[in-house]
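A.B. asks: what follows is a predicted structure for the sequence shown.
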Amino acid sequence: MSGGWEGSNRRAELPPNWYSEIRPEVLRRDRRRCQWPQPAGGICGAHANQVDHIGDGDDHRPANLQALCETCHRRKTSAQGNTARWAERARRPPERHPGFIDPP
């Protein structure tokens, strides 16, 4: 695997008809236009070649899926990863400095 799929087991979690039915249906429904909302209103509208879960990643119903362009999908995934990373960091207790010596 290459790119964002490297080290991921996400493909194994997708239903068997993901590539033959679900993904093509969502791309067709969204007219292959990126559905990512823009701050000024509207959607990105660039050519979409990827299908993204809006909410629950295990809910593969078309209502929970949207067509995205590669750029918007990368931004969304990166933001989700950073949020998860910072949440994990906030839960972990601070580490002791390796040079710290306990007083006698």
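C.D. replies: Done, it's in.
A.B. asks: stretch 47-56 - what's its average pLDDT?
C.D. replies: For stretch 47-56, the mean pLDDT works out to 96.
A.B. asks: with stretch 16-23 instead?
C.D. replies: pLDDT averaged over stretch 16-23 gives 96.
A.B. asks: just the CA atoms of that stretch, as PDB, please.
C.D. replies: What follows is stretch 16-23 as a C-alpha-only set of coordinates in PDB (Å, rounded to 0.1, in the frame of the first residue of the first chain):
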ATOM      1  CA  PRO A  16     -17.500  -6.000   0.100                       C
ATOM      2  CA  ASN A  17     -19.600  -3.800  -2.200                       C
ATOM      3  CA  TRP A  18     -17.800  -0.500  -1.400                       C
ATOM      4  CA  TYR A  19     -16.000  -0.300  -4.700                       C
ATOM      5  CA  SER A  20     -18.700  -1.900  -6.900                       C
ATOM      6  CA  GLU A  21     -21.800  -0.200  -5.600                       C
ATOM      7  CA  ILE A  22     -21.500   2.300  -2.700                       C
ATOM      8  CA  ARG A  23     -18.600   4.400  -3.800                       C
END
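A.B. asks: name the surrounding residues that touch it.
C.D. replies: Residues outside stretch 16-23 that contact it (C-beta atoms under 8 Å, 6 or more residues apart in numbering) are 15, 51, 60, 62, 65. In this view, the C-beta of every residue, glycine as well, is placed from N, C-alpha and C.
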